[in-house]
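Asks: quick one: sequence and predicted model below, then my questions.
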Amino acid sequence: MWKDWLRPFVRPLPQWSVVAVAPPQQAVIARLRWDGQTADVTADHTVASLRPLTIANSLDAGPRPVLEYRDRATGKRLGVLQLTRTASIAADNASLTLYHVAAGEHRCLDWPRRPWNTWLQNRVMRKHRTSSHLNMEPAVAQQLMIAYLCPRPVVLVSVDAPGHRNLFPMDLIGPLQRSGLFSLALRSTNVSVPTMREVRRVALSGIPATMKDVVYQLAEHHKQPLADWSELPFPLRPSREFGIPAVAAALHIRELAIVHSQELGSHTLFLGRIVSDENLADGAQLHHTAGFHQAWRRRRDVPFAEV
């Protein structure tokens, strides 16, 4: 019993929680605030790059807006990000605004556990920074966790072109509702980036949470393409318009025609128009959220289902 009481004081919460959520997530609302104005951007903001940490949306909210996350059921403010406008993008008769994240804070843990957990997490991140795939400053990683207060869905991205085929997981994706665009922020070192820029079409398979283990195994294909579609451990089906091999067991398959790509620091931001969106099954999709968010929900007896 005493070990359970002591554990939060000597061991940090996990940075990330892998959860099962029916899409689109409805648990958290994101609002942009600026100059006395407020806009719901739950379906209109996305992470565009990790280094520097960059948020994109379809609104120009002035030089220093605030992005606020609230629990839908209680109205409780879970966290905020302070943004600084840096640039805009014009693509396919639409415009987006880019913001660097200047600061952030969350309220998912009470004082003094909140700063103590942050210190413990930062200590671990500094110790293992060179082996982490994120390789971010701890303060920036904390800001990224706040951006994940809105649970992020995981998809498998299919790329198919003569001489190149690939399937890999992503969660830096999302709709930019007001512009009608859909974004993917892919690490620029990904082996499929040049092909995606050339063929300008992909298929996204929304993955059931039950496929978590096999999805994570496919992360190796960020660095090396598939030799053959037949090497995958699950059945495929062609996407509706492009005929790109996609996951047969997907909850939904979305095809994107890429209209713009641009390198932003560590990532390449792809913007596309949805060509088709097939809803194939109901169910919980694999999502990621911040560990402190799941801890907050657990204390209130409303945790996301973990996988």
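Replies: Nice, I can see it.
Asks: the bottom helix or strand of the protein by mean pLDDT?
Replies: Taking mean pLDDT, DSSP states H and E as the measure, the helix or strand of the chain with the lowest value is helix 2-10, at a mean of 53.
Asks: low-scoring stretches of the stretch 101-250 of the chain, by residue?
Replies: Residue ranges of the stretch 101-250 of the chain with pLDDT under 70: 130-134.
Asks: and with 90 instead?
Replies: The stretch 101-250 of the chain contains residues with pLDDT under 90 at 127-135.
Asks: helices along this protein, start to end?
Replies: Ranges of helices in the chain, per DSSP state H, are 2-10, 113-127, 138-147, 193-199, 212-217, 291-299.
Asks: which one of these lies nearest to residue 307?
Replies: Among the helices of the chain, helix 212-217 comes nearest to residue 307, with 4.9 Å by CB to CB. All C-beta atoms are positioned from the backbone trio N, CA, C, and that covers glycine.
Asks: for that closest one, what is the distance to the chain centroid?
Replies: Distance of helix 212-217 from its chain centroid, counting by CA atoms, centre = their mean, to the nearest Å, is 16 Å.
Asks: what sits up against that helix?
Replies: Identification of contacts with helix 212-217 by CB atoms under 8 Å, 6 or more residues apart in numbering yields 18, 154, 156, 169, 207, 233, 234, 286, 307.
Asks: may I ask which of those residues has the most neighbours?
Replies: The residue in those with the most neighbours, by other CB atoms under 10 Å, is residue 286 (28 neighbours).
Asks: and the closest residue to it other than its chain neighbours, what does it touch?
Replies: Among residues not flanking residue 286 along the chain, residue 154 sits closest, at 4.1 Å (CB to CB, 6 or more residues apart in numbering). By CB under 8 Å, 6+ apart, the residues touching residue 154 are 169, 170, 171, 207, 215, 285, 286, 287, 288.
Asks: what about 10 Å?
Replies: Neighbour list for residue 154: 18, 169-171, 173, 205-207, 209, 211-212, 215-216, 285-288 [criterion: CB atoms under 10 Å, 6 or more residues apart in numbering].
Asks: just the buried residues of those residues.
Replies: Among those, those buried by neighbour count (16 or more other CB atoms under 10 Å) are 18, 169-171, 173, 205-207, 209, 211-212, 215, 285-288.
Asks: which single one of the contacts of helix 212-217 is nearest to residue 189?
Replies: Using CB to CB, residue 169 comes nearest to residue 189 of the contacts of helix 212-217, at 15.4 Å.
Asks: for that closest one, what are its contacts?
Replies: For residue 169, the residues meeting the contact criterion (CB under 10 Å, 6+ apart) are 154-157, 205, 207, 212, 214-219, 221-222, 286.
Asks: and what of residue 32?
Replies: 38-41, 44-45, 55, 57, 59, 61-62, 65-68, 81, 83, 97, 99.
Asks: strands - which of these land there?
Replies: Using DSSP state E, the members of the contacts of residue 32 that fall in strands are 38-40, 45, 55, 57, 66-68, 81, 83, 97, 99.
Asks: export those residues to JSON lines and tack on neighbour count?
Replies: JSON lines is the format used below for the ones in strands among the contacts of residue 32 (neighbours: other CB atoms under 10 Å):
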{"residue": "38", "neighbour count": "13"}
{"residue": "39", "neighbour count": "17"}
{"residue": "40", "neighbour count": "11"}
{"residue": "45", "neighbour count": "27"}
{"residue": "55", "neighbour count": "23"}
{"residue": "57", "neighbour count": "28"}
{"residue": "66", "neighbour count": "16"}
{"residue": "67", "neighbour count": "26"}
{"residue": "68", "neighbour count": "18"}
{"residue": "81", "neighbour count": "26"}
{"residue": "83", "neighbour count": "27"}
{"residue": "97", "neighbour count": "20"}
{"residue": "99", "neighbour count": "25"}
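Asks: tell me the one among those residues nearest to residue 300.
Replies: Of all these, residue 300 sits closest to residue 68, with 19.4 Å by CB to CB.
Asks: may I have the beta-bridge partners of that closest one?
Replies: Assessed by DSSP bridges, residue 68 has beta-bridge partners residue 31, residue 80.
Asks: right, and it touches residue 61 too?
Replies: No. At 11.8 Å, residue 68 does not count as touching residue 61 under the criterion of CB atoms under 10 Å.
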